[in-house]
Structures are given as structure tokens and as C-alpha cells.
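> here's my sequence, what's the structure:
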Amino acid sequence: MKITVCNFKGGVGKSLISHQLITSFGYGGIEIDPYGSLHDRLPNDVIKIGLQDPLPSLEGITEDVVFDFGGFADKKLKDALSLSDCVVVPTIATLESVQATIDTINFIKDFNKPMLVVANMMRKKQNLDESMRAINDTLGFMPEVVELPFSDAFQTAINENTSVVELSKQKGLLGYSYRPAAAIINNLQRTIIKLSNN
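Residues are numbered from 1 along each chain as shown. The predicted model follows:
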């Protein structure tokens, strides 16, 4: 399976989601973000592509791949979208962030790929409802949404360069405290697979 993770806005959790897909489920990664640190964190699993470099040929690659894009649209994004089985659009569910998300969805919808909006760092359901209404009113359709509530577990996993799924396997109370975050990442993966198979 090939997944593109993109939003034209920075700071919405693209690399966090890519990191968790790679560390939790064994995806390979291709980072196309000059400011990204995914390759630095996971050098054995992630290839970094420069802005001037072409997307590598994926012919014959059998592993699952996540394309982690910075906040721009170019030929590489179009190529990745063409290859992808699903597109994940992380967003912060506030009206301040929704315009970039609308612009991103508007760009990728013509590729006719299953699309999943991930509402990252969720604190208030009302904010998500307002953001999704704005997306629906502007674009005329409502993409599937998975909520990623605000949790220190995700930042801890990034800091420790591991997955919340792995952290949840620890014994005792520590492992127990990561189980809700691990369940969310497992649900994200199941939703991606479901959308890709439809």
C-alpha cells in the first residue's frame, strides 16, 4: 500500500502521522520536506528527497510506503498522489487552519483517491464540527474523518523514536497509559486499509 500524507499548512502533524505509520506498521518512508526530520529520526526506514530531485521509481517495490510531504504542491506530489492507494490530510480542527486544508483537499480531489482527514490534537468536538461544516460547505462533500485527540503519548513516542503501539506493550501502568493512543493509531491504520480497499 502507498499512502500520501499532505497538507499545504505546516505544523498539522504530517510527520507525526508518517512516523507512527512507519514505526507501528513497518511502512517505508519517503520524505519530501526540506524542513522535515523524519529521515534524521528513521534513517534506515526513510529516504529523503531534495526539492530538485525526482521521485524515485517505485516499480518493483513491494513494501508499503508513506510519502511525507511538506506544505507545497509540485510534480513530486502529483506523482505520489497518482501512485497512492489513499491520501491522509492531517489538520488542526480550528477555523484558522481550515483554509489550507480546503486548498489541499481541493488540489488532491481530482486524483480520485480515497481521502482521510485526520483531525490532530483534538481538544473540543465543537471545533471539529465547525471545521468539517466549513469543508462541506466549501467543497460540497465531507471526507471521512479520524480524530487524533491531544495526547502527550504521541509526542513521547516521537521523542523516543518509537511507536505508541510499541510503548503500549510495556508491562504495568506505563504500558497501560499508552493503550488509548495505540488504539487510535490502530484505528487509523484500519481506516486507511478500509478506504483503500473500497
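
> from here on, just use CA atoms for contacts and neighbour counts.
Noted.

> what about residue 19, which SS state?
helix (DSSP: H, G, I helix; E, B strand; the rest coil).

> can you check what pLDDT the model gives the closest residue to it other than its chain neighbours?
By the measure of Cα to Cα, 6 or more residues apart in numbering, the closest residue to residue 19 outside its immediate chain neighbours is residue 38, 6.9 Å from it. We note a pLDDT of 93 for residue 38 in this prediction.

> so how far is residue 102 from residue 38?
From residue 38 across to residue 102, the span is 25 Å (Cα to Cα, to the nearest Å).

> neighbour count winner among the two?
residue 38 (25 against 21; other Cα atoms under 10 Å).

> roughly how far apart are that one and residue 151?
20 Å.

> how about the helices in this protein?
For the chain, the helices defined by DSSP state H occupy 14-25, 38-41, 75-83, 95-108, 125-139, 152-159, 164-167, 172-197.

> buried sites along the second one?
Going back to what we said before, that points to helix 38-41. 38-39, 41 (16 or more other Cα atoms under 10 Å).

> could you do stretch 177-185 as well?
So, applying 16+ other Cα under 10 Å, buried residues of stretch 177-185: 178-182, 184-185.

> show me the contacts for residue 16.
Residue 16 makes contacts with 154, 158, as judged by Cα atoms under 8 Å, 6 or more residues apart in numbering.

> what does residue 76 give?
So residue 76 contacts 54-55 (Cα under 8 Å, 6+ apart).

> pLDDT wise, what is the closest residue in space to residue 122 that isn't next to it in sequence at?
Nearest residue to residue 122 in three dimensions, chain neighbours excluded: residue 149, at 4.2 Å (Cα to Cα, 6+ apart). You'll see residue 149 listed with a pLDDT of 85.

> wait, residue 149 touches residue 128, no?
No. Applying Cα atoms under 8 Å, one finds residue 149 not in contact with residue 128, separated by 10.9 Å.

> neighbour count winner among these two?
Neighbour totals were compared for residue 149 and residue 128, and residue 128 leads with 22 against 18 (other Cα under 10 Å).

> tell me the spacing between the more buried one and residue 22.
26 Å.

> same check, this time on residue 45
Residue 45 is 8 Å from residue 22, by Cα to Cα.

> so which of these two has more stuff around it?
residue 22 (22 against 17).

> how about the contacts made by that one?
If you count contacts by Cα under 8 Å, 6+ apart, residue 22 has them with 28-29, 45, 66.

> cool, residue 196 as well?
With Cα under 8 Å, 6+ apart, residue 196 has these contacts: 85-86, 114.

> from residue 165, how far off is the residue sitting furthest away from the middle of the chain?
Relative to the centre of the chain, the most outlying C-alpha is that of residue 172, 29.8 Å out, by Cα atoms, centre = their mean. From residue 172 across to residue 165, the span is 15 Å (Cα to Cα).

> show me which helix or strand of the chain is least confident by mean pLDDT.
Across the helices and strands of the chain, mean confidence by mean pLDDT, DSSP states H and E is lowest for helix 125-139: a mean of 83.

> not counting sequence-adjacent ones, nearest residue to residue 130?
residue 95 (7.2 Å).
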